[in-house]
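Engineer: Sequence and predicted structure below; questions after.
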Amino acid sequence: VQLVESGGGLVQPGGSLRLSCEASGFVLGYYAIGWFRQAPGKGREGVSCISTDDGSVYLAESVKDRFTISKDNGEDMVYLQMNSLKPEDSAVYYCAATGPLLISDLSDPNNYDYWGRGTQVTVSS
């Protein structure tokens, strides 16, 4: 199982980025997928996650109306579209995968078995 993130970078406040996560070694459609982030000195937090069964989505309150998660099972890709970025969105963003999860468990990073190495997002003027 391998997850590789890309698409991070430096962007000005109010700007947009799209993160990509390429999955290999497993069938993406059978796994819950999540985007998490970790800022310096802080714990890893769930940003947006999508379940396997019904496509239920978790979205952190801090990113609602700004971020959107999507996945393409055929291409084994997961995306995080981030709009109206704020300086407090700056962090290393990780893609993670695990087996089926209840929607109530999607946002907990401890429930995920497989992790990418992360991509840095910096929002600054």
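Structural biologist: Structure's in. What do you need?
Engineer: Next, the buried residues of stretch 13-25.
Structural biologist: Leu17, Leu19, Ser20, Cys21, Glu22, Ala23 (16 or more other C-beta atoms under 10 Å). For every residue, glycine as well, the C-beta is placed using N, CA and C.
Engineer: From the chain's centroid, how far away is that stretch?
Structural biologist: When distances are taken as C-alpha atoms, centre = their mean, to the nearest Å, stretch 13-25 is centred 8 Å away from the chain's centroid.
Engineer: State the mean pLDDT of that stretch.
Structural biologist: The average pLDDT for stretch 13-25 rounds to 96.
Engineer: what's the nearest residue to Ser6 once chain neighbours are set aside in contact with, if anything?
Structural biologist: Once flanking residues are discounted, Ser6 sits nearest to Ser20: 5.0 Å by C-beta to C-beta, 6 or more residues apart in numbering. Contacts for Ser20 (C-beta atoms under 8 Å, 6 or more residues apart in numbering) come out as Glu5, Ser6, Gly7, Met77, Val78, Tyr79.
Engineer: Among the residues you listed, name the ones in strands.
Structural biologist: Glu5, Ser6, Met77, Val78, Tyr79 (DSSP state E).
Engineer: Go through those and say which is closest to Gly46.
Structural biologist: Lowest distance from Gly46 to the ones in strands among the contacts of Ser20 (C-beta to C-beta) belongs to Val78, with 14.0 Å.
Engineer: Next, name the residue at the spatial heart of the protein.
Structural biologist: Trp35 (1.7 Å; C-alpha atoms, centre = their mean).
Engineer: what packs against the helix or strand where it lies?
Structural biologist: Taking DSSP states H and E as the definition, Trp35 sits inside strand 32-38. Strand 32-38 is packed against strand 17-24, strand 45-50, strand 67-72, strand 77-82, strand 91-98, with contacts defined by 3 or more C-beta pairs under 8 Å, 6 or more residues apart in numbering; DSSP states H and E.
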